[in-house]
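> Give me a 3D structure for the following:
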Amino acid sequence: MATRKPQQMCALKIGFITLLLPASKGMRVMQELQSAVEADWDYVERGHHYTVKERPDLQLTLIDAEQISMPHAAAPSRGRRASRPSLLGHD
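Next comes the predicted model:
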């Protein structure tokens, strides 16, 4: 029986946001974002109005599985979806 090699992951940084995803997908996203520009939007009389800014700061870093830790509460569920939503606690 062949053992499955861990999937190569990457950290894709877009401005101040860092996203973890498989490296192959991260490279495709990075390629698509090369032509993107940041924009601010505002609601004016005619609807949404967008003001073009500069190109976003993009950075792609290949990472190993050992560099990733997932808090227990943030782990994606495997299997069936819960039949009822969880209730939020009150502070």
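> Was I right to think Thr61 contacts Met9?
No. Between Thr61 and Met9 there is no contact under C-beta atoms under 8 Å: 9.7 Å. To be clear about C-beta, it is placed using only N, CA and C from the backbone, and glycine gets the same treatment.
> So the two - more neighbours on which side?
Met9 (18 against 13; other C-beta atoms under 10 Å).
> ok, the more buried one to His72 distance?
19 Å (C-beta to C-beta, to the nearest Å).
> counting contacts, what elements does the helix or strand bottoming out on mean pLDDT in the chain pack onto?
The weakest-scoring helix or strand in the chain, judged by mean pLDDT, DSSP states H and E, is strand 39-44 (a mean of 89). Here strand 39-44 touches strand 47-52, going by 3 or more C-beta pairs under 8 Å, 6 or more residues apart in numbering; DSSP states H and E.
> Just give me the residue right at the centre of the protein.
Residue closest to the average C-alpha location in the chain (C-alpha atoms, centre = their mean): Leu19, at 3.7 Å.
> my guess is that one contacts Ala11, does it?
Yes. With contact defined as C-beta under 8 Å, Leu19 reaches Ala11; the gap is 7.3 Å.
> okay, and the common contacts of the two?
Common contact partners of Leu19 and Ala11 (C-beta atoms under 8 Å, 6 or more residues apart in numbering): Gly26.
> Rounded mean pLDDT for the helix or strand hosting Leu62, please.
Element membership for Leu62, per DSSP states H and E: strand 58-63. Strand 58-63 shows a mean pLDDT of 96.
> Show me where this structure has its helices.
Assigned by DSSP state H, the chain shows helices spanning 23-33.
> Poorly predicted segments of it, please.
1-2, 73-91 (pLDDT under 70).
> The closest residue to Gln34 other than its chain neighbours: what's it in contact with?
Leaving aside its sequence neighbours, Gln34 sits nearest to Leu58 (C-beta to C-beta, 6 or more residues apart in numbering; 7.6 Å). Taking C-beta under 8 Å, 6+ apart, we find Leu58 in contact with 12-14, 30, 33-34.
> which of the residues you listed are buried?
When neighbours are counted using 16 or more other C-beta atoms under 10 Å, the contacts of Leu58 contain these buried positions: 12, 14.
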